[in-house]
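A.B. asks: Turn this into a model:
(chains A and B, ligands or ions: 3)
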Amino acid sequence: MKKSAKALKPKLRTVKLSELVLMWQGKVRILVNEEVGPSCFRMALEAPQVASEARAGQFLHVRVAAGYSPLLRRPFSVHRISGKLKVESLKLQNIEILYEVVGKGTKTLAEKQVGEELDILGPLGNGFNLPGGLETAILIAGGIGVAPLLALAEEIVQSSKPKVQSRKVDVIIGAKTKKLVLCEEGFKELGCQVRVATEDGSVGYSGTAVDLFKESLSTFNFGVPTEWVASTVYACGPEIMLKKIAEMTYERDIPAQLSLEGRLGCGVGACLGCAIKVKNSKGKGEGDFSYKRICKDGPVFEANEVVWD
Amino acid sequence: MGLKVNLSVKVAGIVMRNPVIVAAGTFGYGEEYESFLNLNQLGAMVTKGITLQPRKGNPPPRIVETDCGLLNSIGLENVGLEVFIKEKLPFLQRFATPIIVNICGEKEEEYVQISERLDEVEAVSGLEVNVSCPNVEKGGMAFGREAGAVRRLVSKVRKATKLPLIVKLSPNVTDITAIAHAAEDGGADAVSLINTLLGMAIDIERRKPGLANITGGLSGPAIKPVALRMVWEVASVVELPVIGMGGIMTPEDAVQFLLAGATAVAVGTANFVNPRAALEIAQGIEEYLVKNKIPDVNRLREYGVKWKKQN
Ligand SMILES: Cc1cc2nc3c(=O)[nH]c(=O)nc-3n(C[C@H](O)[C@H](O)[C@H](O)COP(=O)(O)OP(=O)(O)OC[C@H]3O[C@@H](n4cnc5c(N)ncnc54)[C@H](O)[C@@H]3O)c2cc1C
Ligand SMILES: Cc1cc2nc3c(=O)[nH]c(=O)nc-3n(C[C@H](O)[C@H](O)[C@H](O)COP(=O)(O)O)c2cc1C
Ligand code: FES
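C.D. replies: Residues are numbered from 1 along each chain as shown, chains lettered A, B, ... in the order given. Ligands and ions are numbered 1, 2, ... in the order given. Take a look at the predicted model:
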């Protein structure tokens, strides 16, 4: 017996890389499904298999109904991984999503009861990238785009080694109106500096998240991007907002990562249905582009690689 | 599970451990699904449509969901023949599952060149000739719409390769049996059907078509009755084995296609909903056979051919 146990050890170390890509499909229990704002819901899922692997920026592909209505899964960003630090009690790890009801699928999701099961696939896609020298992260959320950014703030705060390297997280939350400002407390609890912008001026700055970002540019320290990446902008929100942020950061040579949305089919890179236009790395001018897959090559992209139509 | 049933089938000379294939364009190059299922357990794998040169594909949006269906206009995005052979095949080759390459071209000559090249490649078990590609020599209309064009194309490909030839039929025709006969005459070893049905969606809020390319191919449960009818019609009149597909989501759907006369079935859109769909369907077919005391899956196709219409 002893001998065979020993013989097993080296085997474990020679697992091929492709076998280490862990994704999971199955049914998980809904622990929470509560309205946190008008038409906005927070759902917690008992999914330790996924929670232990998931990174901020990745998403879950959710089958909201067992039949064919809707037929396809719906993607939702990892919003929060609760209990990530409790390594010894993996079972306590839950995964949360934050979603807005916009159509059939999200309406069905909002009607789910606590205790029901949900068929999920994940974690899928590539998460946000935290450059080694990152000192300040500027998170810009538009509307429901706040969903992946809270997970990112958690990840950044947890990755800071006390005293050696303390990472600063500045957050701008943009929403149409006061009631739609989500997660302000969540970010504050993590020690982030939070600024709020509302389009109707009902709370905080009067204007969009982009307007507020533009006005506060002078207050951020962007370091010297060509030598080391001291600051990075991370944004998620409506396409028009992401486009503006891409332009602003490009002009100022600020690195920026965007979490993009689009219609997904398979979610795993097989159907090529989720194409997004990107500049070719070899860059032969304007018309030189190719398509990448939002689900597999993204959903997080470098702002300067995206071609906006 | 008392009874031991046979699930293995032979299509165009390709032996498959079970009759469930993954359909072209819905399973990428296999690697995308590796972490979800054991690829060794599939009946066969059909690749994304391969063209001679790499293709970028159509602008987004490329897909839109419809009631019980999916419309797509991917535009045959693929890495091109040589990159496929060098970078995608080595992965697929690791599995014991037959690899069928779905091929597509804008000219007859392209199909011929691809077939000649793949004829030398050991890992390939067979070719599936997609005749739904736009025929640039005929003003962009698909090869598959006209019996004469299909016969010519298939006989040219036939001469170019010794590999088993499966001709994939388009449902966007007046009489699919005429096209199936043409494929048979051209020298096909099997036919597979159906490819997607031409369709369209419109977004009334934006007052724009749902797809950038305006029209696209419909797949999923919405097309199943049409697919089943066409499979039955074709299986009743040609000698060739038929691979049936179109909206198969469950083992029951698959059994219907087998009863209609198909030797094997392919699962497409269902993979997107459930990456393990093909395996679960194969398992469900086995359970159906056991429950109904049918010892061999090949017995199922004997039913459909006996059904005759009254008028
Ligand atoms: C990687 C990724 C992560 C996401 N994360 C979140 C998240 O954390 N929280 C969240 O609330 N949402 C998120 N989304 C968006 C979410 O997936 C969609 O809102 C959801 O799928 C809508 O489903 P539905 O059935 O409710 O709406 P549907 O009925 O499918 O659509 C409602 C309306 O929106 C239109 N529509 C849908 N998708 C698009 C699109 N991509 N482009 C243009 N129009 C479209 C439809 O045509 C329709 O008019 C994410 C999307 C992606 C790709
Ligand atoms: C996203 C997508 C891509 C497809 N690509 C191809 C292809 O490259 N070649 C081909 O012959 N058929 C292609 N098809 C058609 C499928 O192989 C299949 O014939 C069709 O989808 C019907 O089966 P289903 O309803 O099970 O999906 C594609 C289908 C979809 C949904
Ligand atoms: S959704 Fe299928 S490739 Fe991205």
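
A.B. asks: Once you drop chain neighbours, what's closest to residue A:97?
C.D. replies: Closest residue in space to residue A:97, ignoring its immediate chain neighbours: residue A:76 at 4.1 Å, by CB to CB, 6 or more residues apart in numbering or on different chains. For the C-beta atoms, the positions are set from N, CA and C on the backbone; glycine is no exception.

A.B. asks: partner residues bridging that neighbour?
C.D. replies: Note on residue A:76: beta-bridge partners residue A:60, judged by DSSP bridges.

A.B. asks: tally of neighbours for it?
C.D. replies: Neighbours of residue A:76 under the rule other CB atoms under 10 Å in any protein chain shown: 25.

A.B. asks: how near is it to residue A:63?
C.D. replies: Separation of residue A:76 from residue A:63 (CB to CB, to the nearest Å): 12 Å.

A.B. asks: correct me, but residue A:198 touches residue A:206?
C.D. replies: Yes: applying CB atoms under 8 Å as the test, residue A:198 and residue A:206 come out as touching, 6.8 Å apart.

A.B. asks: Who has more neighbours out of those two?
C.D. replies: A direct count of neighbours by other CB under 10 Å for residue A:198 and residue A:206 places residue A:198 higher, at 23 against 13.

A.B. asks: what sits against residue B:126?
C.D. replies: B:12-14, B:98, B:100-101, B:163-166, B:189 (CB atoms under 8 Å, 6 or more residues apart in numbering or on different chains).

A.B. asks: Can you tell me what sits against stretch A:41-50?
C.D. replies: Residues from elsewhere that reach stretch A:41-50 (CB under 8 Å, 6+ apart): A:24, A:26, A:28-36, A:60, A:79, A:82, A:90-101, A:109-110, A:112, A:118, A:120, A:122-123.

A.B. asks: Against which helices or strands is the strand ranked longest in chain A packed?
C.D. replies: Counting by DSSP state E, the longest strand found in chain A is strand A:24-37. Applying 3 or more CB pairs under 8 Å, 6 or more residues apart in numbering or on different chains; DSSP states H and E, we find strand A:24-37 packed against strand A:40-46, helix A:48-51, strand A:94-100, helix A:104-110, strand A:117-124.

A.B. asks: if you set the cut-off to 6 Å instead, what comes out?
C.D. replies: Strand A:24-37 sits against strand A:40-46, strand A:117-124, with contacts defined as 3 or more CB pairs under 6 Å, 6 or more residues apart in numbering or on different chains; DSSP states H and E.

A.B. asks: Find the closest residue to ligand 2 in the stretch 151-300 of chain B.
C.D. replies: Ligand 2 sits closest to residue B:268 of the stretch 151-300 of chain B, with a gap of 2.4 Å, by CB to the nearest ligand atom.

A.B. asks: Number of residues surrounding the closest residue to that residue other than its chain neighbours?
C.D. replies: Leaving aside its chain neighbours, residue B:268 sits nearest to residue B:23 (3.6 Å; criterion: CB to CB, 6+ apart). Counted by other CB under 10 Å, the residues lying close to residue B:23 total 26.

A.B. asks: In the stretch 201-311 of chain B, what residue comes closest to ligand 3?
C.D. replies: The stretch 201-311 of chain B approaches ligand 3 most closely through residue B:272 (7.0 Å), counting by CB to the nearest ligand atom.

A.B. asks: if I've got this straight, that residue is in a helix?
C.D. replies: Yes: per DSSP: H, G, I helix; E, B strand; the rest coil, residue B:272 lies within a helix segment.

A.B. asks: tell me which parts of chain B are close to ligand 2?
C.D. replies: Contact residues (CB under 6 Å from any ligand atom) of chain B with ligand 2: B:23-26, B:48-49, B:70, B:72, B:74, B:76, B:102, B:130, B:168, B:195-196, B:219-220, B:223, B:245-248, B:267-270.
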